[in-house]
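Engineer: Give me the fold of what follows.
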Amino acid sequence: MILTLFWAGPVFSEVVKAGVISFSPYYIVEGGEVKGGVYTDILERMMERAGLKYSIQAYPVAELFSGIENGDIQIWMGTPVNGAISSPRKIAEANILVYTPSSVSPPSSIDGLSGKRVLVIDGYNYGGLLKKMSEPSRSIILDRVRSHETAFKRLSSGLERFVVDYQTPAEKTISDMKIKNLKSHILSTVDVKIYVSKKAPDPEKLMEQLMKAYEALKVEGHF
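Structural biologist: All right, here's what the predicted structure looks like:
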């Protein structure tokens, strides 16, 4: 689904494209269509207040990140992405946790994962944490899986001992799958910001308009 609203006197004449990923409850995507979500609502309100013509579409993680970098997608609200300018202030935070079976004590840092096999969700960079985990000196064996469900199915079956994932989608998956007897520990907390592609038309001006809209909405008590 493409959500598009047209407003009189927009700052930019072209439709600004915002990208989202499946990340419930923040971005709710069903069958490839955007159905809502906490962050979707924030983006919609901001772009409406800024007077923009816009669309919001869902993408696979890797496609969204490359789209921001090459300018096909102009706006993303989430964790850091290459080829974009970031908002001067954070909009929210996201915790990244390591999950283990109850028989395994979760490490307090990625140093405790050295030499271990760790399941991660393919396409996520975990706010830069994946790059650190990939450093040869840590000898972490990264096993990329396609979904949260696959990761936690393998963890709960006893086939694996460590999963690294964002807290909110991980805990929703654990709840939906009725998995019990897991332990977890926060490895990192990353800021959720607005990112504007450096290849967007006048990206600094676009960011300025978005942040002015956000601040006005916040003062009014919308967030």
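
Engineer: so who does the most centrally placed residue in the chain touch?
Structural biologist: Centroid-nearest residue in the chain: G78, 4.5 Å away (criterion: Cα atoms, centre = their mean). Taking Cβ atoms under 8 Å, 6 or more residues apart in numbering as the contact definition, G78 lies against I21, F23, Y39, A94, V192, K193, Y195. In this view, the C-beta of every residue, glycine as well, is placed from N, C-alpha and C.

Engineer: low pLDDT regions in this protein?
Structural biologist: Along the chain, the parts satisfying pLDDT under 70 run over 1-13.

Engineer: coming back round to it: so which of the contacts of G78 sit within helices?
Structural biologist: Taking DSSP state H as the definition of helices, the contacts of G78 contribute Y39.

Engineer: Out of the contacts of G78, which comes closest to V104?
Structural biologist: For V104, the nearest member of the contacts of G78 is A94. The distance, counting by Cβ to Cβ, is 23.9 Å.

Engineer: in the sheet, who's paired with that closest one?
Structural biologist: In this structure, A94 bridges to V190 when assessed by DSSP bridges.

Engineer: Next, give phi and psi for D143.
Structural biologist: phi -110, psi 110 (degrees, to the nearest 10).

Engineer: Buried ones in the biggest helix by length in the chain, by neighbour count?
Structural biologist: Of all the segments assigned as helix in the chain under DSSP H, the longest by residue count is helix 203-219. For helix 203-219, the neighbour count (16 or more other Cβ atoms under 10 Å) marks P203, L206, M207, Q209, L210, M211, A213, Y214, L217 as buried.

Engineer: which residue sits closest to the fourth one, ignoring its sequence neighbours?
Structural biologist: In this case it means Q209. Using Cβ to Cβ, 6 or more residues apart in numbering and skipping residues adjacent in sequence, the residue nearest Q209 is A50, 4.4 Å away.

Engineer: how many other residues sit next to the one you found?
Structural biologist: Here the neighbour count serves as a burial measure; for A50 (other Cβ atoms under 10 Å) it reads 22.

Engineer: right, and it touches L210 too?
Structural biologist: Yes. Using Cβ atoms under 8 Å as the test, A50 is close enough to L210 to be in contact (5.6 Å).

Engineer: Using CSV, write down the CA coordinates of stretch 131-149.
Structural biologist: The C-alpha trace of stretch 131-149 is given here as CSV (Å, rounded to 0.1, in the frame of the first residue of the first chain):
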residue,chain,number,x,y,z
LYS,A,131,30.2,-4.6,12.2
LYS,A,132,31.9,-4.9,15.6
MET,A,133,30.7,-8.5,15.9
SER,A,134,32.2,-9.2,12.5
GLU,A,135,35.7,-8.1,13.5
PRO,A,136,38.1,-11.1,12.9
SER,A,137,39.7,-10.6,16.3
ARG,A,138,36.4,-11.7,18.0
SER,A,139,36.1,-14.9,16.0
ILE,A,140,32.3,-14.7,16.3
ILE,A,141,30.6,-17.1,13.8
LEU,A,142,27.6,-15.2,12.5
ASP,A,143,24.7,-17.3,11.1
ARG,A,144,22.3,-15.1,9.2
VAL,A,145,18.7,-16.3,9.1
ARG,A,146,15.8,-14.9,7.2
SER,A,147,13.3,-14.1,10.1
HIS,A,148,12.9,-13.6,13.8
GLU,A,149,10.7,-16.7,13.8
